[in-house]
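J.: only geometry, no sequence info:
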């Protein structure tokens with residue numbers, strides 16, 4: 001690590017200690033750096049909406065302290081996100097960070113560790129992020145969790161030849177790796193591995209390559225914000241009639257945009273930790289409340305923000321309102337609760353999320369497209385965490 005960075009981090013820690021935390025003054029400051037604009041804006045807006053719904057339902061005070069939410073827009077840029085995180089810590093004296101993108105969190109990890117700021121990751125699904133700081137915990141997911149499960153499921157169902165198509169950034173590459181490793185181990189053949197650009201991709205030429213390869217299955221990971229465009233081009237290229245099973249992590253059939261994708265996605269199979277159609281009383285109440293609040297269907301990003309705020313509140317209750325970073329993160333690790341997604345827990349050692357992974361199929365229910373769960377894998381760990 002460069003010497004000047006170490007020195008600046010030390011100065012940062014000293015300045016924080018000198019002024020004291022906001023929590024000592026009766027306020028808990030939670031800084032959320034989210035992509036509110038740019039290509040990943042929908043994800044940030046959904047996470048923030050989930051967090052705000054939780055605060056609205058549970059009040060603006062916890063353990064006798066007032067909760068103050070400070071939101072900053074990284075404009076889907078890691079460089080901007082890193083700067084905003086530093087400003088929240090140094091200038092705003094936040095007690096907790098609500099983490100967004102992988103590109104924000106990776107370069108910020110040394111600073112957040114030095115400042116001892118618990119960071120609840122609510123968007124990033126890259127496994128390696130949590131490993132970067134002992135102050136990181138996650139309430140979103142890892143793509144490896146769902147991709148590895150889906151690879152095993154596809155191989156067992158006799159889908160022995162597949163093409164992978166993923167967005168070329170850290171989450172996409174992780175999804176590709178996890179699916180490929182498990183699929184090959186189960187006897188499957190990868191006919192071609194295709195990567196597409198993150199910004200404004202035209203899927204048509206890539207889908208033609210898929211069609212030419214004649215696989216039994218197409219495994220796709222793209223940001224949920226691009227799913228509707230992908231579905232339209234999938235149909236335009238005739239892949240819906242080519243007998244190719246469309247499979248992928250849950251981003252592919254995002255609950256909020258699913259209804260706009262059309263009947264071409266009927267039968268699409270995904271693996272994910274959440275469906276708005278999850279059959280529980282808690283989820284029914286959650287989805288109804290969110291629908292009333294936002295006028296759109298809840299999705300996995302919304303529940304990640306909702307659960308992220310629950311984890312912060314529960315940890316503050318456990319520490320009797322103390323915002324000491326070491327105490328707060330210790331309270332978060334090992335936490336278990338019932339979420340709209342089903343049972344969820346935070347690994348006591350790594351801080352990684354553990355939850356059920358559901359195999360879902362797009363079906364039409366009462367005239368609406370839904371991700372109907374039909375198989376459950378309980379308490380799934382990230383493969384990297386499970387291997388340790």
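T.: Now that the structure is in, tell me what you want to look at. As the structure is a computational prediction, the values presented were derived from the model and not from experiment.
J.: mind listing what the nearest residue in space to residue 209 that is not next to it in sequence touches?
T.: Counting by C-beta to C-beta, 6 or more residues apart in numbering, residue 209 lies nearest to residue 194, which is 6.1 Å off, once chain neighbours are set aside. Using the backbone N, CA and C atoms, a C-beta is placed for each residue, glycine as well. By C-beta atoms under 8 Å, 6 or more residues apart in numbering, the residues touching residue 194 are 163, 164, 165, 166, 206, 209, 210.
J.: straight-line length of stretch 31-44, end to end?
T.: 13 Å (C-alpha to C-alpha, to the nearest Å).
J.: now it: buried residues?
T.: 31, 32, 33, 34, 35, 36, 38, 40, 41, 42, 43, 44 (16 or more other C-beta atoms under 10 Å).
J.: off-centre distance for it?
T.: 12 Å (C-alpha atoms, centre = their mean, to the nearest Å).
J.: what sits up against it?
T.: Contacts of stretch 31-44 (C-beta under 8 Å, 6+ apart): 45, 47-48, 51, 69-77, 81, 84-85, 88-89, 92, 94, 96-101, 104, 122-123, 198-200, 223-225, 256, 301.
J.: in strands, which of these fall?
T.: Using DSSP state E, the subset of those located in strands is 69, 70, 71, 72, 73, 96, 97, 98, 99.
J.: and the pLDDT at the closest residue to the fifth one other than its chain neighbours?
T.: Looking back up the chat, that one is residue 73. Residue nearest to residue 73 in three dimensions, not counting chain neighbours: residue 36, with 3.8 Å by C-beta to C-beta, 6+ apart. Here the pLDDT value assigned to residue 36 is 96.
J.: so residue 36: helix, strand or coil?
T.: coil (DSSP: H, G, I helix; E, B strand; the rest coil).
J.: ok, and the most crowded of the contacts of residue 194?
T.: Highest neighbour count within the contacts of residue 194: residue 164, with 27 neighbours (other C-beta atoms under 10 Å).
J.: so that one sits in a helix?
T.: No - under three-state DSSP, residue 164 sits outside any helix and is assigned strand.
J.: how much space separates it from residue 195?
T.: According to C-beta to C-beta, to the nearest Å, residue 164 and residue 195 sit 9 Å apart.
J.: identify the contacts common to these two.
T.: residue 176.
J.: hmm, back to that, from the contacts of residue 194, which is closest to residue 180?
T.: Proximity of those to residue 180 was ranked by C-beta to C-beta; the top entry is residue 164 with 6.4 Å.
J.: remind me which residues of the stretch 251-388 of the chain are low pLDDT?
T.: 386-388 (pLDDT under 70).
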